[in-house]
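A.B. asks: with the sequence up front, the predicted model follows.
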Amino acid sequence: MKLKTYSPQNLPVVITGQPLIRINVKSGLISFSKMAVKELGISSSHGLQFHQDEDRPQDWYVSISAYSEPDCFSIRVKDHSLSFNCRALVQQIQDSIPNTKGMKSFRMNLSTTPMDVDGMTLYSIITKSAAA
């Protein structure tokens, strides 16, 4: 008998699916899918900032900055996905998106096409795609 052994060390990382943001309301956890991390090129040396359009409060954006920026969320990277906790931000996001009311957790698509707004590179969170 000749056995071939498979383990995390000898298998490639396979990333499937769509770039998503997942939000857990109770814990305040915000996580980005492996595809989102790959497509946006986010690593542990980055931080994240979230932006809300004051004219259209249901519209949210994320920007990537250097980890050393004082006004960014520090992130945890594990198994090619990333996350951080902030209940206050989660509550602001949920309160501004009508179809997420009462949900304990939800996910939204994330655009990987950058937009330049006032010198910042932003990625749109597709809030209309919010689903449990």
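C.D. replies: It's in. Numbers count the residues shown, from 1 in each chain.
A.B. asks: do you know the pLDDT at the most centrally placed residue in the chain?
C.D. replies: The residue lying closest to the centre of the chain (C-alpha atoms, centre = their mean) is Phe32, at 3.3 Å. We have a pLDDT of 95 for Phe32.
A.B. asks: what's near enough to touch it?
C.D. replies: Phe32 makes contact with 19-22, 40, 42, 81-83, 110, according to C-beta atoms under 8 Å, 6 or more residues apart in numbering. All C-beta spots, glycine's among them, are computed from the backbone N, C-alpha and C.
A.B. asks: repeat that for 6 Å
C.D. replies: 21, 82 (C-beta atoms under 6 Å, 6 or more residues apart in numbering).
A.B. asks: straight-line length of stretch 25-38, end to end?
C.D. replies: 25 Å (C-alpha to C-alpha, to the nearest Å).
A.B. asks: quick check on the residue nearest to the centre of the chain: phi, psi?
C.D. replies: phi -110, psi 140 (degrees, to the nearest 10).
A.B. asks: any idea which helix is longest in the chain?
C.D. replies: Ranked by residue count, the top helix of the chain under DSSP state H comes out as helix 87-96.
A.B. asks: what does the helix or strand that comes right after that helix rub up against?
C.D. replies: Next in sequence after helix 87-96, counting helices and strands by DSSP states H and E, comes strand 105-110. Applying C-beta under 6 Å, 6+ apart, the external contacts of strand 105-110 come out as 18-24, 36, 100, 125-127, 129-130, 132.
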